[in-house]
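>>> What follows is a predicted protein model with its sequence.
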Amino acid sequence: MNAPLKINNLSHKYNDHLIFENISLELFPGELLTLFGKSGCGKTTLIRDIAGLSTPHSGEIWIENKMVFGAQNIPPEQRGVGLVFQDYALFPTLTVRQNIGFALKGKNQQRVDELIHKTGLTGLDNRYPDQLSGGQQQRTALARSLAPKPKILLLDEPFANLDSLRRFQLAQDLIDLLKSEDACGILITHNRQDALFFSDRIAILGPGKNASELLQVDPPEQIYKSPQSKTVAHLLGICNLIEGHWNGEALETHLGTLQATDEAALHLQNHQGPATAYIRPEDLNICAGDQFEMSAMHFMGHVFRITCSNKNNRSKSLFVYSKTQPKTSFNIEPIQPVWIIKDNHL
């Protein structure tokens, strides 16, 4: 399978400050990959490098098997990449139709008609941006970026200004559009639910030895259930870290003996010593007993989020989800097997 985008050992410096280093990544046909990480980790800089709007310090970028950065530096207009920004960047004095057709220089109105239909803008083609809702403006920006038929679409927080319902619908439309256009995309978002729900894969950008690095690149379910580090685990939601001793077969903890998933056990081969179980709140069950005491409870709509601690060790809290309001004292049982990694994975 040919990858429309290949990045090899890419690093970026701003003056003498290293933003990220040794980024290697491939993007596959029809794929929507999400770049996820804290503010300032270099996500926007990376897609600007891909688009040619900024210049990396070192490494290579290949688009459609053509080197666009490395031994040569191809200008943005020749890279065949579409861009969609958070603020839409529509021309205020141009209509929807004129905005979409801008990159086509007024030619190929059939292509404009096709995108107006695909993006649900039928009947709005003669309106100006200030006559559109936020969702309609974003659809116009999306259609304009797709007009020249790019193979790669780069999206920087495109849903940030939309409410949850419109964000969900537009994201689903984006996925359908990418497939119908035989294109792939890289999405930047700060919303972890969007990242988990809409992505084919998630690439986590986070702190490395000298600068930001790719910490993990995997499908959403795998990266959520089997994070390779504490940083990745906490970026994607609440996670209980249960420390213990791996005896070669199981992890001995204050919650009892925990069995490892097959993948975790493979990584733990030939290891005996400190290890940590990573358990999401939904993977802990409340049961009868009085070993744990509740310290806080918050109603989240579909579940209660319970904060509790072991009566014999109140220094560390655990988080549990419960569909019903529990008593103040109870026991906790993990759903086994669990994800366990060695303690040197920070």
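That came in fine, so what should we check first?
>>> What's the first helix or strand after the lengthiest strand in the chain?
In the chain, taking DSSP state E as the definition, the longest strand is strand 284-299. Counting by DSSP states H and E, the next helix or strand C-terminal to strand 284-299 is strand 304-310.
>>> Need the residues that contact that next one.
With contact meaning CB atoms under 8 Å, 6 or more residues apart in numbering, strand 304-310 is reached by 238, 254, 281, 286, 291-298, 315-326, 330, 332. Any C-beta I mention is one placed from the backbone N, CA and C, and that applies to glycine too.
>>> Give me the buried positions along that strand.
304, 306, 308, 310 (16 or more other CB atoms under 10 Å).
>>> Reformat the residues you listed as CSV; add pLDDT and distance to residue 155.
CSV is the format used below for those (pLDDT from 0 to 100; distance: CB to CB, whole Å):
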residue, pLDDT, distance to residue 155
304, 97, 35
306, 97, 37
308, 96, 40
310, 91, 44
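>>> between the residues you listed, which is closest to residue 217?
In terms of CB to CB, no member of the buried residues of strand 304-310 lies closer to residue 217 than residue 306, at 32.9 Å.
>>> Any idea what the closest one is bridged to?
Bridge pairing for residue 306 (DSSP bridges) gives the partners residue 297, residue 320.
>>> can you map out the helices along the chain?
43-51, 96-100, 109-118, 134-146, 164-180, 192-198, 220-225, 230-235, 262-267 (DSSP state H).
>>> so which of those comes closest to residue 211?
helix 43-51 (10.9 Å).
>>> helices or strands up against that closest one?
strand 5-14, strand 17-27, strand 32-36, strand 58-63, strand 81-84, strand 152-156, strand 184-188 (3 or more CB pairs under 8 Å, 6 or more residues apart in numbering; DSSP states H and E).
>>> nearest to residue 271, of these?
So among these, strand 17-27 is nearest, using CB to CB, at 26.4 Å.
>>> thinking again about what came up before, just the buried subset of the contacts of strand 304-310, written out for ChimeraX, thanks.
Only the buried entries of these go into this ChimeraX selection, using 16+ other CB under 10 Å:
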select :281,286,292,294,318,319,320,321,322,326,330,332
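>>> wait, doesn't residue 261 sit right on residue 267?
No. In this structure residue 261 lies outside contact range of residue 267 using CB atoms under 8 Å: 9.8 Å.
>>> By mean pLDDT, show me the worst of the helices of the chain.
Lowest mean pLDDT of these: helix 164-180, a mean of 82.
>>> Okay, and the beta partners of residue 310?
residue 292, residue 313.
>>> can you tell me how far it sits from residue 99?
From residue 310 across to residue 99, the span is 59 Å (CB to CB, to the nearest Å).
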